[in-house]
Structure formats: C-alpha cells, structure tokens
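**Q** Sequence first, then the predicted structure:
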Amino acid sequence: MPASSLAIAPDGTRIACQLQGADGNQPPLLLLAGQSNNHHWWDPVRDDFGRRTITLDYRGTGASDKPDEPYSTPGFAADVVAVLDHLGLDQVDVYGTSMGGRVAQWLAVLYGDRVRGLVLGCTSPGKTHGYERSQEIRRTLAHPDQAVRDEVLADLMYTPQWRRQNPGPYPVLGDTTMPAYAKGRHLVASNSHEAWAELPSIKAPTLILHGTDDVFSPAANANLLAERIPSARAELIEGARHAYFHEFRSVASPLVTNFLAGLQL
C-alpha cells in the first residue's frame with residue numbers, strides 16, 4: 001500500500017498524494033491519471049516501473065478537497081508542484097495519460113526545471129489543433145444511464161477480447177465518490193486544455209505513446225505532439241485502445257522504463 005499524505009496547494013486546497021517504493025538510482029516517477037479519476041487509475045501497473053512512484057488525487061477526486069470552483073489543466077499542474085514541494089522532491093520523471101498527459105504538458109511548460117523526462121500517453125495538445133473524439137461518442141457518453149455510460153467507456157478503453165478475459169472492475173471508469181459538480185469541473189478543465197503555442201518550449205526529452213485503435217483520443221494526436229515538442233518521439237502500440245497502459249502493459253511499461261532509464265542522470 002502506498003503511504004498517503006496531504007499537500008497544501010497555494011489556495012489552501014488539500015491535495016492527497018501517495019508515495020510507494022524505495023529510493024533508487026533513478027528519480028521518482030510521477031504518475032498522472034485521467035479525467036475524473038483518482039490515483040487508483042495506476043493500481044494495475046504501478047509496480048511495473050521498478051522505482052519509487054508518486055500519485056495524487058486531483059482536486060475534486062479521492063481524498064483531496066473538492067472545491068466547487070473552476071478547475072484547469074494549468075491549475076492541476078500547480079497542484080502537482082505543491083505535492084512535489086510537500087514531498088521534498090526537486091525533480092522527477094513524469095508519465096501522464098489522457099487528461100494526465102494534458103496536465104503533464106503544462107507541468108513541463110510552466111515548471112520545466114521539475115521535469116527530467118516526460119512521457120505523454122493517449123493525450124492531445126487541445127481542441128483547437130488536436131484531433132477530437134467524434135460527436136457520436138460525446139453523445140453516447142452523455143447518456144442518462146450510468147450503466148450505459150460505463151459500458152461505452154469500457155469499450156473505448158479495452159478491446160472486446162481482453163474484456164472477456166478480464167471482466168473488471170476497471171479502475172479507469174471514473175471516481176464514483178466524486179460529486180456531480182466536480183465531474184463537471186473536470187470535464188470543462190480537460191475540454192478547455194490548450195497548450196499548442198507553448199509546446200515548443202518543453203525542454204525535457206519526451207516519449208509519446210498511443211494505441212492505434214484509440215478513438216476516445218484519436219491516435220493521430222501522437223505524431224502531432226511529437227512534431228510539436230522538441231526532442232520528442234512517438235511510439236504507436238498496435239491494436240490498443242485508450243487504456244493501452246493496462247491491456248498492453250507488457251509493451252507499454254517496458255517502453256516507458258527503457259526510455260527513462262536511458263536519460264542522463
């Protein structure tokens with residue numbers, strides 16, 4: 001079990017964070033989850049990376065405070081810095097997936113000295129220049145029946161064959177403890193993300209991962225980000241959907257581990 005504690009953001013909001021694993025030769029690895037999810041997003045693969053890992057519950061989720069006020073991906077990045085300060089960590093490697101990848105972009109843009117290596121998974125630069133999911137998917141995910149929404153989302157995350165062999169529960173379908181207003185705040189924060197103009201300022205070596213069959217965040221975003229961020233390269237994982245990091249962990253986790261291990265200390 002990870003050790004949990006509370007960091008205090010600049011506005012006084014308490015941000016729950018979790019630290020797991022022993023100190024090693026590599027910097028700790030910060031793991032950033034997707035929209036409306038808490039740190040349990042990473043439970044299935046947290047032990048894959050062979051190093052100390054840090055997670056957090058975004059404001060509005062988990063054991064963090066849930067203020068009913070506007071959220072943003074730059075604001076989430078500021079909360080991350082509060083966590084790093086709380087833990088006494090000057091620099092970390094960062095792996096963000098889905099909305100976590102959007103937060104990670106801002107972390108690398110606004111607080112570049114805190115990021116040694118960057119991995120962006122199944123994410124995009126924002127709606128203006130990025131490739132967005134279809135209106136049909138958006139309509140279906142707005143269905144009034146939670147069970148229907150969960151089924152659609154699970155299908156976007158995993159292949160049918162994998163779901164037959166792994167019937168769940170799945171830790172990527174959202175934090176069920178979130179109040180409705182917080183879910184709405186997260187949705188607006190993720191949909192409002194716009195980092196395109198600032199991406200060329202990222203200094204950290206960057207690996208971009210994406211499943212070829214991801215239609216929740218279309219795979220074309222991977223090469224778009226790789227072309228926009230200096231010192232970046234993209235790796236597409238054949239046949240994977242949005243939660244490639246779970247279903248295809250035997251491919252994805254070594255890609256992350258090897259990339260970060262190859263960076264100069």
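**A** Looks like it came in fine. Residues are numbered from 1 along each chain as shown.
**Q** which parts of stretch 119-133 are buried?
**A** Buried positions in stretch 119-133, judged by neighbour count with 16 or more other CB atoms under 10 Å: 119, 120, 121, 122, 123, 124, 125, 126, 129, 130, 133. C-beta here means a position set from N, CA and C on the backbone, and glycine is covered the same way.
**Q** which SS class is the residue lying closest to residue 177 once chain neighbours are set aside?
**A** For residue 177, ignoring the flanking residues on the chain, the nearest one in space by CB to CB, 6 or more residues apart in numbering is residue 62 at 7.2 Å. Under the three-state scheme (DSSP: H, G, I helix; E, B strand; the rest coil), residue 62 adopts coil.
**Q** how about the buried residues of stretch 119-133, which pair is most distant?
**A** Greatest spacing in the buried residues of stretch 119-133, by CB to CB: 119 and 133 (21.8 Å).
**Q** Residue 148: how many residues sit nearby?
**A** 12 (other CB atoms under 10 Å).
**Q** which secondary structure element contains it?
**A** Per DSSP states H and E, residue 148 falls inside helix 146-157.
**Q** Measure how far that helix is from the centre of its chain, please.
**A** 19 Å (CA atoms, centre = their mean, to the nearest Å).
**Q** Please tell me how far the helix or strand that that helix is followed by is from the chain's geometric centre.
**A** Downstream of helix 146-157, the first helix or strand assigned by DSSP H and E is helix 160-165. Computed by CA atoms, centre = their mean, the separation of helix 160-165 from the middle of its chain amounts to 23 Å.
**Q** swap in stretch 258-265?
**A** Average the C-alpha atoms of stretch 258-265, do the same for its chain, and the two points are 20 Å apart (CA atoms, centre = their mean).
**Q** if you average pLDDT over it, what comes out?
**A** Stretch 258-265 comes out with an average pLDDT of 87.
**Q** got the CA positions of it in CSV?
**A** Taking C-alpha atoms only, stretch 258-265 is exported to CSV below (Å, rounded to 0.1, in the frame of the first residue of the first chain):
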residue,chain,number,x,y,z
ASN,A,258,13.7,1.9,-21.0
PHE,A,259,13.1,5.4,-22.2
LEU,A,260,13.5,6.9,-18.8
ALA,A,261,16.4,4.7,-17.9
GLY,A,262,18.3,5.9,-20.9
LEU,A,263,18.2,9.6,-19.8
GLN,A,264,21.3,11.1,-18.4
LEU,A,265,21.3,11.4,-14.7
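**Q** Mind listing residues that contact it?
**A** Stretch 258-265 is contacted by residues 25, 26, 29, 93, 116, 117, 119, 205, 207 when judged by CB atoms under 8 Å, 6 or more residues apart in numbering.
**Q** buried set for that stretch?
**A** Buried-residue list, stretch 258-265, by 16+ other CB under 10 Å: 259, 260, 261.
**Q** before we move on, back to that, tell me the mean pLDDT for the helix holding residue 148?
**A** The pLDDT scores in helix 146-157 average 93.
**Q** same question, stretch 207-218
**A** 97.
**Q** got the buried residues of stretch 119-133 as JSON lines, with pLDDT and distance to residue 194 columns?
**A** Below are the buried residues of stretch 119-133 laid out as JSON lines (pLDDT from 0 to 100; distance: CB to CB, whole Å):
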{"residue": "119", "pLDDT": "98", "distance to residue 194": "21"}
{"residue": "120", "pLDDT": "98", "distance to residue 194": "15"}
{"residue": "121", "pLDDT": "98", "distance to residue 194": "19"}
{"residue": "122", "pLDDT": "98", "distance to residue 194": "18"}
{"residue": "123", "pLDDT": "98", "distance to residue 194": "13"}
{"residue": "124", "pLDDT": "98", "distance to residue 194": "10"}
{"residue": "125", "pLDDT": "97", "distance to residue 194": "8"}
{"residue": "126", "pLDDT": "96", "distance to residue 194": "4"}
{"residue": "129", "pLDDT": "94", "distance to residue 194": "8"}
{"residue": "130", "pLDDT": "94", "distance to residue 194": "9"}
{"residue": "133", "pLDDT": "86", "distance to residue 194": "17"}
